[in-house]
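In: Prediction below, plus the sequence it came from.
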Amino acid sequence: MKLKKVVLFISFSFFPLLVKADTDAIILTTKSVIDIASQTFLVDTGITLENGDVWVWGFRNAGVQGNGISHVNNEKAPPARVEFFANKGLSITQLAAGIYHIIALDEKGNVWGWGQNGYHEASGNGNGGAYPSLPILVLENENVVMIGTGEYTSYALTKSGDVYTWGHGIYGQMANGEQKAVNDVYKVPREYFNNRPVVLLGAAYESGYAINDAGEIFGWGDDEDNAFGIDNYPHAHVYRSRPIQITNLPSGVRGKDIVYIAGGDRYTVFLTSSGNVYGMGEGSYLGMGIPYGKKVTTPRRIIGNIEMISCRYVGCVAIDKDKGLWTWGATKGSAFPQVYGSIATRRTYNGNLDKIDMGKEHIIYWNDEGQAYGVGYGAGHKFSQQSSENVNWPGKELDFVVDAMKRVYGPDYVPGQGQ
């Protein structure tokens, strides 16, 4: 098989960066920054974006494998590529996932979904039934540039600045003025964003975020524990079924300075272009040593010198400009508190970091030697075909995932190169 060398300079972007070649045997060599390949709320399932392909392993019931089988009953079955996209010659550029549903953005700007579909979080409507086991086209010809997911909700942002939502809406996640799921994809009226196009999209566990081209910030969904910076009653759920403007930025920070915004369960975090990370909401999730139950009502600086960040459920992972890896989040009530840390903690990892995949309470990182390591909640045999044990830093090597990729791409392929 002929090998083709491709040199990539990957930046923190939401646009397609790779055109799939005629052969699967591609060696990717040069990267300028680390790639956060997937940001998901998956619990028992491993997933990554590799060479423009989607790979899935671990728990694969509910149709999450995406290869036409609703229930892969053996969690120890080898990791598998979603052949649907490969057979169509489509390169996937972004992945997002809820608890048991997955959405993918292809190089043409179209969005696909599969897996659990009880609230239409995968398909956007009733197509495919309760567990569509093959990807279903959700948005076509809308030129989508960014996707995101909550627990049972999906989001998309188009190049023209429109936001689409679909799935569960009982907490206001649909941004449609109601608290219920709807049987279709919903286009959020631009008037909800002060009649301006949205340029940045974010997702949390039961809520969403948007920033328009004027730098105005909006949040909707479950505004619990001051997640949106509004001083609610202690531990109260306040359901914002329409976007509400977030105005309490720290001194000297503008909405236009924000390059990433997201959250989890009861908190909001954002990253500025100067590398500073700020958070508000449930204090114990923010990496500042704040006791559980104490709210942070105005965004506080958590850490600086950060280039990339991913926040899910009750914690965050950040990469600094020197390729240091930091984590923080809940240590009380978490299924695996060691993966986070009550204060921002620099972690020791193996090799030179290349790529990271985030789950609800697990992290998978890849180095430039083609090795993958798992840390955190091990259910579903995500980290081992022999056990489902939890794993502490610096992680357990996932050689069975790498071996599966080499069987497809060839023995000289170096996994972990993202798109």
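Out: Received the coordinates, thanks.
In: bridging residues for the residue nearest to residue 246 when sequence neighbours are not counted?
Out: Closest residue to residue 246 apart from its sequence neighbours, by Cβ to Cβ, 6 or more residues apart in numbering: residue 217 at 4.3 Å. C-betas here are computed from N, CA, C, even on glycine. Beta-bridge partners recorded for residue 217 (DSSP bridges): residue 211, residue 246.
In: residues in contact with residue 217?
Out: Residue 217 is in contact with 209-211, 245-247, 249, 255, 258, 261, counting by Cβ atoms under 8 Å, 6 or more residues apart in numbering.
In: Low-confidence ranges, the stretch 201-350 of the chain, go.
Out: By pLDDT under 70, the low-scoring segments of the stretch 201-350 of the chain are 232-235, 333-337.
In: all strands for it, in order.
Out: 207-212, 217-222, 239-246, 258-263, 267-272, 277-282, 295-303, 306-312, 315-320, 325-329, 345-347 (DSSP state E, counting those that start in this stretch).
In: Parallel or antiparallel, list what pairs with the last one.
Out: When sheet partners are counted by DSSP bridges, strand 345-347 sits next to strand 325-329 (antiparallel).
In: So which residues of the chain form helices?
Out: 83-88, 399-409 (DSSP state H).
In: Please name the residues that touch residue 339.
Out: Per Cβ under 8 Å, 6+ apart, neighbours of residue 339: 315, 327, 329, 361-363, 375-377, 393.
In: any chance of those residues in a markdown table, with distance to residue 129 too?
Out: Output for the contacts of residue 339, formatted as a markdown table (distance: Cβ to Cβ, whole Å):
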| residue | distance to residue 129 |
| --- | --- |
| 315 | 34 |
| 327 | 38 |
| 329 | 36 |
| 361 | 29 |
| 362 | 29 |
| 363 | 32 |
| 375 | 35 |
| 376 | 32 |
| 377 | 29 |
| 393 | 41 |
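In: nearest to residue 184, of the residues you listed?
Out: residue 361 (31.9 Å; Cβ to Cβ).
In: and that closest one, how far is that from residue 296?
Out: 22 Å (Cβ to Cβ, to the nearest Å).
In: Where does the prediction get shaky in the stretch 51-200 of the chain?
Out: Looking at the stretch 51-200 of the chain by pLDDT under 70, you get an empty list.
In: Thought residue 109 was touching residue 159, still the case?
Out: Yes: counting by Cβ atoms under 8 Å, residue 159 touches residue 109, with 7.3 Å between them.
In: Compare residue 361 and residue 296 (neighbour count), which wins?
Out: Each of residue 361 and residue 296 has its neighbours counted (other Cβ atoms under 10 Å); residue 361 has more, 26 against 23.
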